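A.B. asks: Sequence and predicted structure are below.
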Amino acid sequence: MCKKKLLALTLSSMLILSAVSGCGKKDEVEEVTTESYSINVTETSTLNDSSDIDMSKDGKVMSDLSGEWIDKEVAKQRYMAVMVNNIEDAMPQSGIERADVVYEMLEEGGITRLMAIFQTDYTDVEKIGPIRSARHYYDRKALEYDAVFVHWGQSIYAEHEFETLKPLDQVDLNGKDGEYGFRSDDREAPHNAYSSGKNILEAIKADEFSTEKSEGYKKMFSFNMEDKDLESGDKADKITTAYNEGRKPWFEYDSSAKVYKRFQYGEPQIDAESGNQLTYKNVIIQFAPHKDIINDSVGCIDIEYSGKGDGFYASNGKIIPIKWEKKGKKKFIDYSITDGLLDDTKRKGKSSDYGVTVFTTADGQELKLNPGKTWVTVFPDDEKKGIIVE
């Protein structure tokens with residue numbers, strides 16, 4: 001890779017650069033000279049960024065998942081995306097607090113399941129779970145991150161993806177990788193299936209999957225250099241995501257810690273290993289089409305991520321409308337219209353060939369998150385009234 005230039009800039013200089021390259025608004029620049037950053041201007045990004053500018057601070061680089069400064073070697077590592085049971089019998093969950101990004105999505109029967117994505121060194125996470133079975137729209141979301149997808153069983157549609165979607169690497173703790181999972185004796189099956197970060201890494205290596213991001217990896221999120229309040233938007237002290245009458249989780253803003261606290265089933269959502277309530281700097285609500293799969297005997301659904309849509313972004317007690325778009329060179333099978341006939345065509349290529357979601361503000365500018373953990377709620381686009389902001 002041919003590096004054109006290496007610059008050392010103070011933080012105040014970085015702010016000036018940001019103002020010049022932004023959306024044309026005159027930003028007020030605060031003079032701060034206590035920290036320094038370096039910028040590598042390259043022909044292509046050394047950190048697999050779509051831009052040609054790479055940031056580093058004190059020898060560290062910005063995480064694509066959290067916006068935090070992490071070691072360069074950690075930044076090269078692939079993510080781990082784990083399916084997590086989210087029904088009341090599975091509470092409290094273990095290890096989920098350590099995830100940088102968490103997705104919540106509907107499944108058949110009106111329940112939700114989580115997918116926890118880890119970047120930072122997770123080998124010391126001794127217990128992760130309860131781990132549950134996969135659905136195909138979760139593995140497709142994991143593919144957007146070029147993550148190794150970890151699950152305990154699967155639907156017939158997810159199983160079909162595992163057989164035909166070649167860029168997807170998956171760890172099946174109820175199948176080929178069973179030796180790397182374990183069951184606890186403190187609750188009944190199927191709510192007692194777990195693994196550890198160390199075990200999952202061993203499974204990844206045993207399956208001979210790459211432990212580093214692929215050459216075609218593209219990041220999904222962009223971050224502010226430092227914490228920044230939203231200039232516009234509405235007050236959002238409480239955000240309820242009412243999927244249905246029986247599923248109404250919510251977030252409450254803690255102004256002293258400047259994070260959103262997570263609640264469900266009428267109480268704080270706790271990590272069993274730390275005893276801490278889950279908290280998030282960023283909350284994203286992504287509206288997407290949800291469709292029934294024709295003639296499916298158990299009521300499986302399909303969630304459409306390709307195309308365009310809207311949503312909300314909340315941070316620091318405010319919420320703004322956002323837009324999203326995803327388009328790829330290659331397409332997935334549409335299970336909602338197969339009527340039970342599955343296409344066995346092998347879908348090859350790079351993970352990024354299938355598209356990566358791009359988030360923007362309502363006026364089309366790049367959405368920048370605040371550094372910290374992010375919760376993404378994928379919500380039916382025809383049920384927007386279920387999002388209640390107070």
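C.D. replies: Arrived safely.
A.B. asks: For stretch 58-77, the averaged confidence score.
C.D. replies: Mean per-residue pLDDT for stretch 58-77: 92.
A.B. asks: Contacts for that stretch, please.
C.D. replies: Contact partners of stretch 58-77, identified using C-beta atoms under 8 Å, 6 or more residues apart in numbering, comprise 47, 49, 54-57, 79, 100-101, 117, 119-121, 211-213, 219-221, 223-224, 369-374. Every residue, glycine included, has its C-beta placed from N, CA and C.
A.B. asks: Is P92 in contact with D271, as I believe?
C.D. replies: Yes. At 6.6 Å, P92 and D271 qualify as touching, with contact defined as C-beta atoms under 8 Å.
A.B. asks: so what's the backbone phi/psi at the nearest residue to E212 once chain neighbours are set aside?
C.D. replies: With sequence-adjacent residues excluded and distances taken as C-beta to C-beta, 6 or more residues apart in numbering, E212 is closest to K76, at 5.0 Å. Note on K76: its backbone torsions stand at phi -80, psi -20 [degrees, to the nearest 10].
A.B. asks: measure K76 to S274 for me?
C.D. replies: Per C-beta to C-beta, to the nearest Å, K76 is found 27 Å from S274.
A.B. asks: Same check on K330?
C.D. replies: 40 Å.
A.B. asks: for T211, same thing?
C.D. replies: 26 Å.
A.B. asks: So those two - more neighbours on which side?
C.D. replies: A count of neighbours by other C-beta atoms under 10 Å puts S274 above the other of T211 and S274, at 14 against 11.
A.B. asks: got the contact list for the more buried one?
C.D. replies: Contacts of S274 (C-beta under 8 Å, 6+ apart): E97.
A.B. asks: Would you verify that it is located in a strand?
C.D. replies: No. Counting by DSSP: H, G, I helix; E, B strand; the rest coil, one finds S274 to be coil, located in no strand.
A.B. asks: I'd say L342 and I333 touch.
C.D. replies: Yes. Using C-beta under 8 Å, L342 is in contact with I333, at 7.3 Å.
A.B. asks: overlap in contacts of these two?
C.D. replies: H160.
A.B. asks: Between the two, tell me which one has more neighbours.
C.D. replies: I333 (19 against 14).
A.B. asks: nearest residue to the more buried one other than its sequence neighbours?
C.D. replies: Counting by C-beta to C-beta, 6+ apart, I333 lies nearest to D343, which is 5.1 Å off, once chain neighbours are set aside.
A.B. asks: before we move on, what about E188?
C.D. replies: D89 (7.8 Å).
A.B. asks: What distance do you get for Y122 to D339?
C.D. replies: Taking C-beta to C-beta, one finds Y122 at 41 Å from D339.
A.B. asks: S196 now?
C.D. replies: 41 Å.
A.B. asks: same thing with G311?
C.D. replies: Applying C-beta to C-beta to G311 and D339 gives a distance of 31 Å.
A.B. asks: Neighbour count: these two, which is higher?
C.D. replies: G311 (23 against 10).
A.B. asks: Assign that one to helix, strand or coil.
C.D. replies: strand.
A.B. asks: Check A189 too.
C.D. replies: Criterion first, three-state DSSP; result for A189: coil.
A.B. asks: Spatially, what comes nearest to it if we skip its sequence neighbours?
C.D. replies: R183 (6.7 Å).
A.B. asks: quick one: the one you found and P190 touch, right?
C.D. replies: No. With contact defined as C-beta under 8 Å, R183 does not reach P190; the gap is 9.2 Å.
A.B. asks: quick revisit: ok, now how distant is the residue nearest to E212 from A99?
C.D. replies: 19 Å.
A.B. asks: In terms of neighbours, single out the busier of these two.
C.D. replies: For K76 versus A99, neighbours defined as other C-beta under 10 Å are more numerous around A99 (30 against 15).
A.B. asks: Leaving out sequence neighbours, find the closest residue to that one.
C.D. replies: A116 (3.6 Å).
A.B. asks: what's the pLDDT at that neighbour?
C.D. replies: 98.
A.B. asks: Quick one: residues contacting it.
C.D. replies: 81-82, 84, 95-96, 99, 101-102, 128.
A.B. asks: one more time with 10 Å
C.D. replies: 80-84, 93, 95-103, 122, 128-129, 131, 150 (C-beta atoms under 10 Å, 6 or more residues apart in numbering).
A.B. asks: tell me which element it falls in.
C.D. replies: strand 112-118 (DSSP states H and E).
A.B. asks: What's the first helix or strand after that strand?
C.D. replies: Next along from strand 112-118, by DSSP H and E: helix 136-144.
A.B. asks: okay, that next one in PDB with CA atoms only?
C.D. replies: Extracted in PDB, the C-alpha atoms of helix 136-144 (Å, rounded to 0.1, in the frame of the first residue of the first chain):
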ATOM      1  CA  HIS A 136     -31.500 -16.500   8.400                       C
ATOM      2  CA  TYR A 137     -31.900 -12.700   8.800                       C
ATOM      3  CA  TYR A 138     -29.500 -12.800  11.800                       C
ATOM      4  CA  ASP A 139     -26.700 -14.600   9.900                       C
ATOM      5  CA  ARG A 140     -27.200 -12.100   7.000                       C
ATOM      6  CA  LYS A 141     -26.700  -9.200   9.500                       C
ATOM      7  CA  ALA A 142     -23.600 -11.000  10.900                       C
ATOM      8  CA  LEU A 143     -22.300 -11.200   7.300                       C
ATOM      9  CA  GLU A 144     -22.500  -7.400   7.000                       C
END
